[in-house]
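>>> Need coordinates for the below:
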Amino acid sequence: MYLPWHLPTVSHYNVHWSEEGGAEYPIPPAGDHPPSAAHVPLPAVLGSPLVKALVLTAYNRLEYLDVPEPAAGPEEVLVRVAYCSVCGSDITALEGRAFDVPEGMILGHEVSGTVAAVGERVRGLALGDRVALEPAVPCRRCWYCLRGQYHMCPQTLHLGASLPGGFAEYLTIHELNAHRIPAGLSLREAALLEPLGVCLAGLRKARLAVGETMAVFGDGPFGAIFARLGIIMGARAVWVLGHHDWRLERIRAPHVVTVNTAREAYLPALFAATEGRGADLAVAATDSTTVYAEMLASVRIQGRLLAFSYPRDSVTLDLSQVHMRELELIGSCRCPHTFATLIELIAEGRLAPGELISAVMPLEALPEAFAMARGRSKELFKILVELAAEV
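Below is the predicted model of the structure:
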């Protein structure tokens with residue numbers, strides 16, 4: 001049986017298709033990145049048709065504009081966006097709090113759609129293919145990329161940050177970042193492969209093992225995803241700790257314990273359930289900077305702390321506890337080598353991304369969607385922006 005935490009041994013990102021067809025190793029030094037919408041010279045798009053997009057014209061300001069339809073580079077595909085999900089990092093970028101997203105950028109990186117055109121050297125995709133996008137585009141030739149660690153490429157470009165993203169009718173991306181999805185997976189659900197993937201990558205990195213107890217701090221979409229994946233990966237119990245009854249009720253499931261920490265103490269029960277040891281793994285699935293002190297208190301000796309969510313400010317951590325209790329602090333970023341596993345889990349009925357969708361809104365309503373997400377509504381998980389409904 002293929003277990004979802006097994007990592008592939010070879011990265012498909014090490015493959016470059018030659019002009020004649022077929023794979024070449026290593027990738028030739030053809031520049032830092034393949035051409036993309038952000039790098040196509042202006043004359044190449046002057047005659048292009050116009051498409052609708054929500055553009056970050058200034059921090060905290062989005063404008064619904066007509067922009068030139070991007071042209072696919074030789075190894076890229078043009079994707080007609082079907083759905084783009086709103087992520088908390090989109091809010092952070094909108095507010096100018098992190099990631100150095102320039103004004104004039106089109107945000108959005110949790111994307112599904114249909115291939116509308118292919119570059120001359122594209123071999124793996126065809127017109128009409130339904131795809132989910134992996135948003136981080138690496139150089140595919142550096143030390144990290146050639147070792148399968150392409151998500152850590154120092155030259156990475158990212159949809160919605162340094163490449164025009166999914167809150168537009170069309171975008172371009174390298175073909176290896178566009179994952180074909182099977183007929184049984186809807187484009188709505190496929191837009192959530194990226195947030196599912198970052199959580200799966202985090203649990204792989206944190207080495208969650210069968211029979212372990214995990215404490216997840218945060219009851220938002222990531223808290224819900226970690227709970228589902230934790231049980232799939234064999235956790236004995238997952239404790240989800242948050243402040244919103246509506247969310248916690250929907251996250252609760254067999255072997256998933258939920259606690260509203262705004263009014264209930266959880267440490268006595270957690271320690272009682274683990275014979276006084278504490279959790280094997282604690283996960284930061286919230287941007288709170290105070291959560292790390294709670295994580296330290298919740299894990300056992302030689303336990304592990306997963307730094308997952310981007311913190312809203314600097315974090316203070318008691319390193320004396322890390323030292324004396326031999327704790328591990330583990331970082332995790334992006335979603336390498338995860339989409340195929342997630343597609344398989346969804347096909348088997350073990351994972352249901354549709355349960356995370358709270359609202360579907362048109363592109364022109366994106367400012368309203370951002371306002372809803374900013375408000376941290378207790379009765380909200382994921383908002384999808386629909387640009388092209390599935391037929």
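
>>> all contacts plus neighbour counts: C-alpha atoms, from now on.
Will do.

>>> Tell me where the chain is predicted with low confidence.
1-47, 376-378, 391 (pLDDT under 70).

>>> care to break it down by domain?
12-196+336-386, 207-331 (automatic domain parsing).

>>> Switch those over to TSV; also include mean neighbour count.
Below are the domains of the chain laid out as TSV (neighbours: other Cα atoms under 10 Å):
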stretch	mean neighbour count
domain 12-196+336-386	19
domain 207-331	18
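
>>> Kindly check the end-to-end length of stretch 152-165 for me.
Stretch 152-165 has an end-to-end distance of 20 Å (criterion: Cα to Cα, to the nearest Å).

>>> Over to stretch 116-129?
8 Å.

>>> again, but for stretch 317-326
Stretch 317-326 has an end-to-end distance of 14 Å (Cα to Cα).

>>> just stretch 287-301 next, same as before
So stretch 287-301: terminal residues 25 Å apart, Cα to Cα.

>>> So what's the gap between it and the chain middle?
Offset of stretch 287-301 from its chain centre (Cα atoms, centre = their mean, to the nearest Å): 23 Å.

>>> Residues in a beta bridge with residue 50, which ones?
residue 68 (DSSP bridges).

>>> thought it was touching residue 70?
No: the criterion here is Cα atoms under 8 Å, and residue 50 misses it with residue 70 at 9.2 Å.

>>> if I pick residue 305, what's in contact with it?
206, 281, 282, 283, 284, 295, 296, 299, 327, 328, 329, 330 (Cα atoms under 8 Å, 6 or more residues apart in numbering).

>>> is it fair to say the last one lies in a helix?
To tie it back to what came earlier, the one meant is residue 330. No: using DSSP: H, G, I helix; E, B strand; the rest coil, the assignment for residue 330 is strand, not a helix.

>>> Do you have the helices of this structure handy? List them.
Applying DSSP state H to the chain gives helices spanning 88-95, 187-190, 193-205, 221-232, 245-251, 267-273, 291-298, 319-324, 339-347, 366-374.

>>> out of those helices, nearest to residue 61?
The minimum distance between residue 61 and those falls on helix 88-95, with 7.4 Å, by Cα to Cα.

>>> The closest one - contacts with which helices or strands?
Counting contacts by 3 or more Cα pairs under 8 Å, 6 or more residues apart in numbering; DSSP states H and E, helix 88-95 is packed against helix 366-374.

>>> Could you figure out how far the helix it packs on is turned away from helix 88-95?
Following axes from the mean of the first three to the mean of the last three Cα atoms, to 10 degrees, one obtains 110 degrees for the angle between helix 366-374 and helix 88-95.

>>> neighbouring contacts of helix 366-374?
Residues contacting helix 366-374 (Cα under 8 Å, 6+ apart): 54, 62, 86, 88, 91, 361, 380, 383, 385.

>>> Which residue lies closest in space to the second one, excluding its sequence neighbours?
If you skip the residues right next to it in sequence, residue 62 has residue 56 as its closest partner in space, 4.7 Å away by Cα to Cα, 6 or more residues apart in numbering.

>>> Please apply the same query to the first one.
Counting by Cα to Cα, 6+ apart, residue 54 lies nearest to residue 64, which is 4.6 Å off, once chain neighbours are set aside.

>>> Would you confirm that that neighbour contacts residue 56?
No: using Cα under 8 Å, residue 64 is not in contact with residue 56, being 9.3 Å away.

>>> before we move on, back to that, could you report the distance from the residue nearest to residue 54 to residue 367?
10 Å.

>>> Next: residue 217.
In this view, residue 217 and residue 367 are 28 Å apart by Cα to Cα.

>>> same deal with residue 229?
Counting by Cα to Cα - residue 229 and residue 367 are separated by 31 Å.

>>> Same check on residue 276?
48 Å.

>>> residues touching residue 66, list them.
Contact partners of residue 66, counting by Cα under 8 Å, 6+ apart, are 50, 51, 52, 53.

>>> what's the farthest-apart pair in these?
The span of the contacts of residue 66, defined through Cα to Cα, is set by 50 and 53 at 9.6 Å.

>>> Need the residues touching each of the two.
Shared contacts of residue 50 and residue 53 (Cα under 8 Å, 6+ apart): 66, 67.
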